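> Show me how the following folds:
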Amino acid sequence: MQATAKEFIIALDEGTTNAKAVVLDSRGKVIVKFSQPLAIQTPRDGWVEQSGEALVTASLTVIASAVAHVGAENVAALAISNQRETAIGWYRDSGEPINAAITGNAPAAPRSATRCVTIVRNSTLSVPPACQSPRCSRPPKCAGCWMRLSMATCAPNAVRFASAPSTAGCCGI
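Alright, predicted model coming up:
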């Protein structure tokens, strides 16, 4: 595709049912869209989970398709929108997920999120929210709080935990 350098923006939308990449030109016109379906698992009543590997693979697939369509040299930026209500932990050494992603679609998700926050608050780990808004004092209700911490006390070799188990409404989002 003919284009001037750095003309395109790729927007990645990581949703519950699919990963989508949309290529926009400098005027905001949609050039092309790519989509990769995502499966959900319901291992037992009230549980809704997704494979961490599938989330990453689907995202990389649609991004690669978008980049191949316009050429890497023509991409100015990558914008990312994701499932803020989904939580997943990853092992530091292997890069593998600790377990399946727990989605906010599960009726038990708020209880699970509250339990995670309680564990973190009662640990000796320092976990400042990325957002310093006073409204972020209740992470289970906050869409804008992303936590990074060493999970050594909970899961050996884990380095990250990202949690924002509820939808918009906190931190001005």
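
> for the chain, what spans make up the strands?
8-14, 18-24, 30-37, 49-50, 75-81, 88-91, 101-102, 158-162 (DSSP state E).

> what's the single longest helix in this structure?
The longest helix of the chain (DSSP state H) is helix 52-70.

> Including distance to Ser59, mean neighbour count and mean pLDDT, could the strands of the chain go into a markdown table?
The way it works is simple: take the backbone N, C-alpha and C, and place the C-beta from them, glycine included. Shown next, in a markdown table, are the strands of the chain (distance: least, CB to CB, whole Å; neighbours: other CB atoms under 10 Å; pLDDT from 0 to 100):
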| stretch | distance to Ser59 | mean neighbour count | mean pLDDT |
| --- | --- | --- | --- |
| strand 8-14 | 6 | 20 | 93 |
| strand 18-24 | 5 | 20 | 94 |
| strand 30-37 | 8 | 15 | 96 |
| strand 49-50 | 12 | 22 | 86 |
| strand 75-81 | 9 | 12 | 91 |
| strand 88-91 | 13 | 20 | 81 |
| strand 101-102 | 12 | 22 | 76 |
| strand 158-162 | 14 | 18 | 37 |
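
> Let me have these in TSV, extended by distance to Thr61.
Converted to TSV, the strands of the chain look like this (distance: least, CB to CB, whole Å):
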stretch	distance to Thr61
strand 8-14	11
strand 18-24	7
strand 30-37	5
strand 49-50	15
strand 75-81	14
strand 88-91	18
strand 101-102	17
strand 158-162	21
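
> residue contacts, the closest residue to Glu49 other than its chain neighbours?
Nearest residue to Glu49, sequence neighbours excluded (CB to CB, 6 or more residues apart in numbering): Ala100, at 3.7 Å. Neighbouring residues of Ala100 by CB atoms under 8 Å, 6 or more residues apart in numbering: Gln41, Pro43, Glu49, Gln50, Ser51, Gly52, Ile88.

> How is this protein divided into domains?
8-81, 88-162 (automatic domain parsing).

> Now the weakest link among those domains, please, by mean pLDDT.
Lowest mean pLDDT within the domains of the chain: domain 88-162, at a mean of 53.

> Quick check, Ile31 in contact with Ile10.
No. Ile31 lies out of contact with Ile10 (CB atoms under 8 Å); the separation is 9.8 Å.

> Contacts only, for Glu96.
Gly52, Glu53, Trp90.

> Ile40 now?
Contacts for Ile40 were tallied using CB under 8 Å, 6+ apart; they are Thr16, Thr17, Val48, Glu49, Gln50, Thr103, Asn105.

> And for Lys20?
When contacts are counted by CB under 8 Å, 6+ apart, Lys20 touches Leu12, Asp13, Lys33, Phe34, Ser35, Gln36, Val62.
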